[in-house]
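Asks: Got a predicted model here, sequence first, then my questions.
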Amino acid sequence: MESYESDDERRKKGPLAFRTISEVAEELHVPQHVLRFWEGRFEQVRPVKRGGGRRYYRPEDVDLLRRISELLYTQGYTVRGVQQILSGEISEPQRGADVLSQAPVREKDAAVLDMADQLEIIQMELRRLRSSLSE
């Protein structure tokens, strides 16, 4: 008896396979430009780049990006706070701990830094679009 696989089943990659930026963005529920921004902000994020500058993420890259996403979006850290955690300057709080009391910046400062990060993401995306339009 023949087994018919759906397109989705055929496209599923093994746990050790490299992922494209679109696959990682979809998995982490973030836009691709955010992953490119994180690559510029976190020295630990270094996907393999192939012809044409295409990014391929190893499983350990995806794990690191998942951790960054968790620290930023769930635990409420700023980019600077996550940089400090990843470099070992500060320790990550235990789950359930009061994140704001252990975060390296005050709540008001965090809002300003988050806005600056968003503006930098927008600027980066505009530069990328300008570059692609000029080609």
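Replies: Great, that's in hand.
Asks: Check the gap between residue 13 and residue 43 for me.
Replies: 27 Å (CB to CB, to the nearest Å). (Each C-beta comes from the backbone N, C-alpha and C, glycine too.)
Asks: Actually, residue 56.
Replies: 18 Å.
Asks: With neighbour numbers in mind, choose between those two.
Replies: residue 56 (16 against 10; other CB atoms under 10 Å).
Asks: is it true that that one lies in a helix?
Replies: No. Under DSSP: H, G, I helix; E, B strand; the rest coil, residue 56 falls outside any helix and is assigned strand.
Asks: just checking, it touches residue 50?
Replies: Yes. Counting by CB atoms under 8 Å, residue 56 does reach residue 50; the two are 6.2 Å apart.
Asks: how about the helices in the chain?
Replies: 7-11, 21-28, 32-41, 59-69, 79-87, 99-102, 107-134 (DSSP state H).
Asks: Now render those helices as CSV, adding mean pLDDT.
Replies: Shown next, in CSV, are the helices of the chain (pLDDT from 0 to 100):
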stretch, mean pLDDT
helix 7-11, 50
helix 21-28, 94
helix 32-41, 93
helix 59-69, 94
helix 79-87, 89
helix 99-102, 44
helix 107-134, 68
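Asks: possible to save these as TSV with mean neighbour count?
Replies: Converted to TSV, those look like this (neighbours: other CB atoms under 10 Å):
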stretch	mean neighbour count
helix 7-11	8
helix 21-28	16
helix 32-41	18
helix 59-69	17
helix 79-87	19
helix 99-102	13
helix 107-134	12
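Asks: Please determine how far residue 88 is located from residue 58.
Replies: 22 Å.
Asks: what about the two, which has more around it?
Replies: More neighbours surround residue 58 than the other of residue 88 and residue 58, with 15 against 7 (other CB under 10 Å).
Asks: Appreciated, that's everything.
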